[in-house]
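Q: Quick one: sequence plus predicted model below, questions after.
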Amino acid sequence: MVEIGVVISDGQKVLETYQTLLNPGRHIPWNVTMIHGITDDMVVDAPRFEDVADELFDMLQNRVFVAHNASFDFGFVKKELQSVGYDFSPRKICSVRFARRLEKGLKSYSLKALASFYQVVNPRAHRALADAETTAEIFHRLLVKPDAELALKEFLNQKNRESTLPPNIDKQVLKGLPGKPGVYWFLNRQKQVIYVGKANDLRSRVISHFTKGTHTKEKIRFHENIYEVGFELAGNELMALLLENELIKKHYPIHNRLNKEFLLNYGLFSYTDQGGYERLMMGETGKWTNPLATFKSKSEAMHNLLKLSMQHGLCLKLNGIFDKDNKLCRYQGTQQQHCLVCEDQADATTYNKQVAQAIATLPQENYLLKTTGRTAEEVGMVWVEHGKIRACGYVETNTTWEPETLLPQLKTYYDTQDSQSILRQFLPKAIEVGVFGNGLRLLEIVF
């Protein structure tokens with residue numbers, strides 16, 4: 001804090017004012033000076049906060065704390081007073097939210113916009129006392145509105161906690177959120193997603209963001225940037241976690257710290273080269289790839305490719321393990337064998353049969369995982385093919401239970417290391433409930 005300004009009002013007129021610069025005991029960053037114009041030279045002889053704390057506390061105690069975006073100003077004042085031993089917990093009114101309640105339809109409820117609307121002149125914007133006096137004058141104008149008395153009673157109700165809510169979000173929007181499992185996201189003024197989260201109770205979880213620990217500068221700025229709330233219901237925790245993971249990677253929200261890295265899993269693939277030889281290769285499992293098997297890391301995929309090649313006498317050069325410029329890819333196999341391809345002792349047809357035998361030994365993780373739906377009329381579904389999560393979503397319970405009917409209803413999903421980690425958390429709870437004609441297993445988790 002480098003300055004504080006206080007206006008004492010009876011709701012109709014100003015009774016007293018107080019203002020002082022404060023020495024923060026540190027350098028004032030130039031970009032902050034650009035906002036309010038206060039420099040290091042201006043505060044060098046100013047008192048520290050602890051020097052004025054007694055006088056300030058006497059002035060503020062037993063009064064209602066009113067500020068434009070009250071959480072921001074209150075957070076700093078409370079923290080500073082706590083640092084010198086004062087317990088400061090007044091009733092609060094956020095004049096942004098109060099104005100939203102009583103003046104409907106304005107494009108902006110910033111201090112500048114409201115001052116312009118009410119024709120209140122602010123001679124020194126972003127200076128403490130001038131902004132406090134402007135806020136007081138706007139608040140006086142609001143208090144003569146027809147519904148002001150009722151609104152005032154609601155705001156002063158300690159259980160209301162409206163002053164802790166983001167200034168740019170209507171309280172009714174938050175109250176209208178369902179108390180059900182799902183994923184929610186916050187958008188800024190430019191409609192960019194700035195945070196994604198998941199919850200067992202969407203309404204309670206979203207509101208909890210604004211009722212706990214709002215005194216840090218980072219969290220206050222976070223609240224100020226929230227202009228919209230979106231959500232999508234999820235049938236259970238697994239589906240919620242998969243959706244949350246997908247949205248975080250899609251939008252890369254600035255306020256999310258975890259699960260933002262887009263790390264794909266690795267798979268084994270096959271293709272036929274110009275000489276007619278079937279080759280195995282390792283690569284990332286993108287959204288549209290179709291691997292023979294999926295592994296959680298590059299090293300695990302390489303280990304399995306090497307093991308497969310050695311067990312079945314496959315050419316390490318064709319499979320990309322040895323450089324193609326090597327003369328021979330001799331290796332110690334189960335029968336001390338040499339590479340028949342490199343020694344020109346195996347044609348493509350013979351060799352490809354060995355490759356087919358090797359592929360047949362790969363783990364076949366092909367299944368549909370059935371979970372709880374968002375309503376009684378649907379079920380959640382995760383489609384896994386060759387260990388890769390290919391799609392997930394919801395299908396109606398009366399849908400014909402055949403892969404060709406179920407799969408087109410699901411949404412293609414990126415198979416990342418995070419999504420695989422999520423799935424592995426829940427797979428021990430799954431039980432097999434059926435097998436389709438093509439060998440695709442049907443698993444189920446009951447939540």
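A: Yep, that arrived.

Q: and the residue nearest the centre of the chain, helix, strand or coil?
A: Centroid-nearest residue in the chain: residue 196, 2.7 Å away (criterion: CA atoms, centre = their mean). Following DSSP: H, G, I helix; E, B strand; the rest coil, the label given to residue 196 is strand.

Q: For it, give the beta-bridge partners.
A: residue 185 (DSSP bridges).

Q: Residue 263: neighbour count?
A: A count of nearby residues for residue 263, using other CB atoms under 10 Å, gives 14. Just so you know, the C-beta spots here come from the backbone N, C-alpha and C atoms, and that holds for glycine as well.

Q: nope, residue 276 is what I was after
A: Residue 276 - counted by other CB under 10 Å - has 11 other residues nearby.

Q: same deal with residue 87?
A: Count around residue 87 with other CB under 10 Å applied: 9.

Q: In contact with the closest residue to it other than its chain neighbours, which residues are there?
A: The shortest distance from residue 87 to any non-neighbouring residue, by CB to CB, 6 or more residues apart in numbering, is to residue 81 (8.0 Å). Contact partners of residue 81, counting by CB atoms under 8 Å, 6 or more residues apart in numbering, are 53, 56, 57, 87, 88.

Q: and the protein, what are its domains?
A: The chain breaks down by automatic domain parsing into domains covering 3-164, 182-251, 266-360, 367-444.

Q: Mind checking what helix or strand follows the lowest-mean-pLDDT helix or strand in the chain in sequence?
A: Across the helices and strands of the chain, mean pLDDT, DSSP states H and E gives its lowest value to helix 217-224, namely a mean of 78. Sequence-wise, the next helix or strand downstream of helix 217-224 (DSSP states H and E) is strand 228-233.

Q: Need the CA coordinates for stretch 356-373. CSV is fine.
A: Output in CSV follows, covering the C-alpha atoms of stretch 356-373 (Å, rounded to 0.1, in the frame of the first residue of the first chain):
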residue,chain,number,x,y,z
ALA,A,356,1.8,-60.9,-38.2
GLN,A,357,2.6,-63.4,-35.5
ALA,A,358,4.4,-60.7,-33.5
ILE,A,359,1.4,-58.3,-33.8
ALA,A,360,-0.9,-61.1,-32.6
THR,A,361,1.0,-61.2,-29.3
LEU,A,362,0.4,-57.5,-28.5
PRO,A,363,-2.0,-56.9,-25.7
GLN,A,364,-5.5,-56.3,-27.1
GLU,A,365,-7.0,-53.6,-24.9
ASN,A,366,-10.2,-53.1,-26.8
TYR,A,367,-13.3,-52.3,-24.8
LEU,A,368,-16.2,-50.0,-24.2
LEU,A,369,-16.4,-48.7,-20.6
LYS,A,370,-19.9,-48.0,-19.5
THR,A,371,-20.5,-45.5,-16.7
THR,A,372,-23.2,-43.5,-15.1
GLY,A,373,-25.0,-40.9,-17.3
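
Q: Thank you, goodbye.
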